[in-house]
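In: pasting the sequence and the predicted model now:
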Amino acid sequence: MNANIKTLDERQDFIVCNKKDNRAIKCDKNSLEGSVSQRACVYCGARVVLNPITDAVHIVHGPIGCASYTWDIRGSLSSGEETYRNSFSTDLREDDIIFGGEKKLAAAIDEITEKNRPKAVFVYSTCVVGVIGDDLEAVCRIASEKHGINVIPVQSTGFAGNKAMGYRAACEALMRLMETENAHSPDVTRAAKQPEGNLINILGDFNLAGEIWIIKNYLREIGIDVVSKITGDSTIEEIRKAPAASFNIIQCAGSMGYLGKLMKEKYGLPFIKISFIGVEDTVKSMLRIAMMTKNPEIIEKAEEFTEEQASITEFQLGKYRDRLRGKRAAAYVGGGFKAVSLIKQLKDLDIKPVLIGTQTGKKEDYDNIRELTDEGTIIVDDSNPTELEHFIKTQKADFLIGGVKERPLAYKLGIGFCDHNHERKHPLCGFEGAVNFAKEVDASVNSPVWRHIRTKI
Amino acid sequence: MLDLTPKELKEREALIINPAKTCQPIGAMYAALGIHRCLPHSHGSQGCCSYHRMHLTRHFRDPVMASTSSFTEGSSVFGGKSNLKTAAKNIFAIYNPDVIAVHTTCLSETIGDDINAIIADIEIPEGKRMIHANTPSYQGSHITGFSNMVKGIVNYLAESASDHPEVKTDNINIIPGFVNPADMREIKRITSLLGIPYIMFPDTSGVVDSPNTGKYEMYPRGGAKVDDIAKTGDSKATVALGKFASEQGAFELEKKCGVKPYVLKTPIGIRATDDYIMKLLKLTQKEVPYELEEERGQLVDIMTDTHMHFHGKEVAIFGDPDIVTAMTEFCLSLGMRPKYILTGTPGEAFSREINELMMDVAVNYQVKAAGDLFTLHQWIKNDPVDLIIGNTYGKYISKAEDIPLVRLGFPILDRSVHSYMPVAGYKGAMRLIEMISNAILDREDRDAEDCDFELVM
């Protein structure tokens, strides 16, 4: 075994030491009972994907907690409507559990539609709703007819799978939204026949810190227009129009790969997976998007634009590279695709990735990660604080990249931290994002505060 | 911001918008963290545990550890017995806590897992303990969950060593309620100054405000020790601070071991702190040391220095019932006019207590239990206030209506240091005055025309 860590035998297969032991890494499995897992549930997956739709009412059908914990936590920004920043819940009580919550749900939908006619309502099922067996489909269908708006059920009962199942439920809800509009639309058929157009959808970007605006601007620079942003800073109208695009680009493949697949089947839209994390992947992604259009003018513009931006960024990164050279990074992130981009970005900054983990990475992600990282890098699936602590120490990491729950762990261990999740306060995508990332890591790793931890009185 | 909120008030039966509470399990988790070397365990889906840890982590900015039974579709059909049994085995094997404190969720409650029976069937290693509390999310609120876990602690851990229940030690039990560790520290400091031996439980000081030493301790030094909790059955009396969070635990201890309970307000503000000290003096025949007299005198001095800033100022107070009640009393002491008083936690006792406080005050006010922030916003829209006191979620109303917000209670997600500084006791009251008067005076400075802008205030 790669490292002497006190962990259960069952966990050993989820941890490998790269290029030293050649075992396959186990992944894509349920967490162990009793583990302090950093993972969430089906509902969480659905909610994070759909919540950024700015003009929708998101009603959480269940006891209050599920709505409370997800109230405006995503950090998704809006250029217009703010409806999504409210938290709606049926707040199921004991009587509802005994007698069923359908009536209350119907009444709740009535109450919000009477007050303020929303463009659409998403209704999320939660654990307890799955057990008492409320018929969400029926309630939503009746409410749709009654109010003349889309009321869409999201089948996100918490225990029925993992977060990835929630992504699927969200993708299915999005498909239903598109279908209501596009069943007979001529635009859709046109799009299916001409994949080389310059109209695209961005899937899997949630506009954290305004990132989707950056990407949209890049695309405009090279002559590509965005039909639909799914779901960062989006509106119901905009999502309904998505099938009219020529093709889809998918940023967060973990959550939106499935939607890409569904839209391909249904509307014939091809998709490519791209990543705007780090200079290398941003350049590559821009060029691939341009190639998809088969339009020489766009391709040429893309080449010029990326070359220019990359050289500006290269210049800006220079001073950070000097300050970060040789630092050792640990990263524990949600999806495998992000981990892969991060590794490239870290290497570009002359930082050594020494520990890479993901909550929901797939086999092919882990193959990529092994390929990209050096000998001795620890790779771990669905980790927990005890393991992370152990490997941060043995791998002598200088900082950790992660989310909310990992931040205080890093600080207690006296190392820097960069939030690459919902709490990022600066855009971390694209060329600007690459500079911001370097700046954030530098500000944390090279802060004077760490010195005081080692000083004694 | 919050453009959705209409002025016109309409009774809602089914829909909660912008909750002023969350669900039971997180309260139980927080209470369990107040036991030394205890790992809270969430018996339900992974999401619950993940959300609670995230929320607590954001409030305290410290690692929050808890494990989960990781329910799957199978457990929801066949029950979670095997999940909990496996979990217990794994937890003792890897994380090695002294106590596992299980709380239930809406899921495990609805499928009807009998935790008592399951625990009785588990082989608990020598010297280790496993306790539980039923915390169905569809009853009460997070405060109810806290209260239930305190009851669970009493049920499992409190003992009466003596064969003669009338023979008691000099110890006073203190149940502090759902407050920050800084408040627990302050309450302990005051009690120590009085020279009174005490046992506080739960006690999260030293757990969620642990010092940074460059080392990560899964179980920091703080928390009520199991041996001490065991002794609570022989204590002279129990002082339960806060009716909603602490009363039930004290009653349970009376039932179990015959320890007399005294339910007081959370000691926030001058009167509630006086009451706390007076009660202790009465129970122990001790005298007030000069140090406390001096502190109280300083507080009174500050109150007289600043009273003109407060007089007649209208304030909206929302949050958890025990804290809101005490804060309302303090606002009255300062000459402010509490106009809207709201908690999300259900319970008639809340309105009753507030009505009693307001009896002698000739002001119009509205009070509501089981309310939400949408209602509070509507009230304010119809007739504004000078100041809002409540948790972070008040910031939307604060921004929409341009009214200053003083952050108090749980959760505070957008400011730091709050959990290290008390609001309880005389010192805490001084701090509250500083916070409130700064908010009011900053606003006056901001709003002042150049000609009215003053150096000395």
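Out: Yep, it's here. Numbers count the residues shown, from 1 in each chain, chains lettered A, B, ... in the order given.

In: number of residues surrounding residue 394?
Out: Going with chain A. Using other C-beta atoms under 10 Å in any protein chain shown, A:Thr394 has 15 other residues around it. Just so you know, the C-beta spots here come from the backbone N, C-alpha and C atoms, and that holds for glycine as well.

In: correction: the question concerned chain B.
Out: 25.

In: what do you get for A:Phe337?
Out: Residues contacting A:Phe337 under the criterion other C-beta under 10 Å number 28.

In: cool, and A:Leu349?
Out: The number of residues packed near A:Leu349 is 22, by other C-beta under 10 Å.

In: residues contacting it?
Out: Taking C-beta atoms under 8 Å, 6 or more residues apart in numbering or on different chains, we find A:Leu349 in contact with A:Leu317, A:Tyr320, A:Arg321, A:Leu324, A:Arg325, A:Ala438, A:Val441.

In: kindly report the same for B:Val77.
Out: So B:Val77 contacts nothing (C-beta under 8 Å, 6+ apart).

In: checking it next. Helix, strand or coil?
Out: helix (DSSP: H, G, I helix; E, B strand; the rest coil).

In: B:Arg58 - nearest residue in space that isn't next to it in sequence?
Out: Spatial nearest neighbour of B:Arg58, excluding adjacent residues (C-beta to C-beta, 6 or more residues apart in numbering or on different chains): B:Leu413 at 4.7 Å.

In: quick check: pLDDT value at the one you found.
Out: Note on B:Leu413: pLDDT of 96.

In: now do B:Gln139 against A:Pro63, distance only.
Out: Here the criterion is C-beta to C-beta, to the nearest Å. By it, B:Gln139 lies 9 Å from A:Pro63.

In: are any of the contacts of A:Leu349 buried, and which?
Out: For the contacts of A:Leu349, a neighbour count by 16 or more other C-beta atoms under 10 Å in any protein chain shown gives the buried set as A:Leu317, A:Tyr320, A:Leu324, A:Ala438, A:Val441.

In: would the fourth one count as being in a strand?
Out: Okay, so that is A:Ala438. No - using three-state DSSP, the assignment for A:Ala438 is helix, not a strand.

In: model confidence score at it, please.
Out: pLDDT at A:Ala438 comes out at 96.

In: let me see the contact set for the closest residue to chain A within the stretch 201-350 of chain B.
Out: Nearest residue of the stretch 201-350 of chain B to chain A, counting by C-beta to the nearest C-beta: B:Gly214, 3.8 Å away. Contact partners of B:Gly214, counting by C-beta under 8 Å, 6+ apart, are A:Lys412, A:Leu413, A:Gly414, A:Ile453, A:Arg454.

In: the last one: what's its closest spatial neighbour, skipping adjacent residues?
Out: Using C-beta to C-beta, 6+ apart and skipping the chain neighbours, the partner closest in space to A:Arg454 is B:Gly214 (6.4 Å).

In: the first one too?
Out: Beyond its immediate neighbours in the sequence, the residue positioned closest to A:Lys412 (C-beta to C-beta, 6+ apart) is B:Tyr216, lying 4.4 Å away.

In: my read: the one you found touches A:Glu389, true?
Out: Yes - counting by C-beta atoms under 8 Å, B:Tyr216 does reach A:Glu389; the two are 5.1 Å apart.

In: and for these two, which residues touch both?
Out: Common contacts of B:Tyr216 and A:Glu389, defined by C-beta under 8 Å, 6+ apart, comprise A:Leu409, A:Leu413.

In: just to revisit the earlier point, which of B:Gln139 and A:Pro63 has more residues huddled nearby?
Out: Neighbour count, other C-beta under 10 Å: between B:Gln139 and A:Pro63, A:Pro63 has more, with 33 against 19.

In: please identify which helix or strand holds that one.
Out: Using DSSP states H and E, A:Pro63 sits within no helix or strand.

In: picking up where we left off before, shared neighbours of B:Gln139 and A:Pro63, which are they?
Out: A:Arg93.

In: torsion angles phi and psi at A:Ser125?
Out: A:Ser125 adopts backbone torsions of phi -90, psi 150, taken as degrees, to the nearest 10.

In: list the residues that contact the nearest residue to A:Asp72 once chain neighbours are set aside.
Out: Distances taken as C-beta to C-beta, 6+ apart place A:Arg85 nearest to A:Asp72, at 4.8 Å, with adjacent residues excluded. By C-beta under 8 Å, 6+ apart, the contact set of A:Arg85 is A:Asp72, A:Ser78, B:Met1, B:Leu2, B:Tyr396.

In: smallest gap between the stretch 1-150 of chain A and chain B, at which residue?
Out: Shortest the stretch 1-150 of chain A-to-chain B distance, computed as C-beta to the nearest C-beta: residue-wise this is A:Cys41, at 2.5 Å.

In: separation between that residue and A:Gly65?
Out: Relative to A:Gly65, A:Cys41 is positioned 12 Å away (C-beta to C-beta).

In: which residues do those two both contact?
Out: B:Cys48.

In: mind listing the helices for the stretch 301-450 of chain B?
Out: Taking DSSP state H, counting those that start in this stretch, the helices of the stretch 301-450 of chain B run over residues B:321-333, B:348-358, B:373-382, B:395-401, B:425-447.

In: tell me where the stretch 101-250 of chain A has helices.
Out: For the stretch 101-250 of chain A, the helices defined by DSSP H, counting those that start in this stretch occupy A:102-115, A:127-132, A:136-147, A:163-182, A:186-193, A:211-221, A:236-240.

In: do the same with the stretch 351-457 of chain A
Out: For the stretch 351-457 of chain A, applying DSSP H, counting those that start in this stretch gives helices covering A:363-372, A:385-394, A:407-412, A:430-445, A:449-454.
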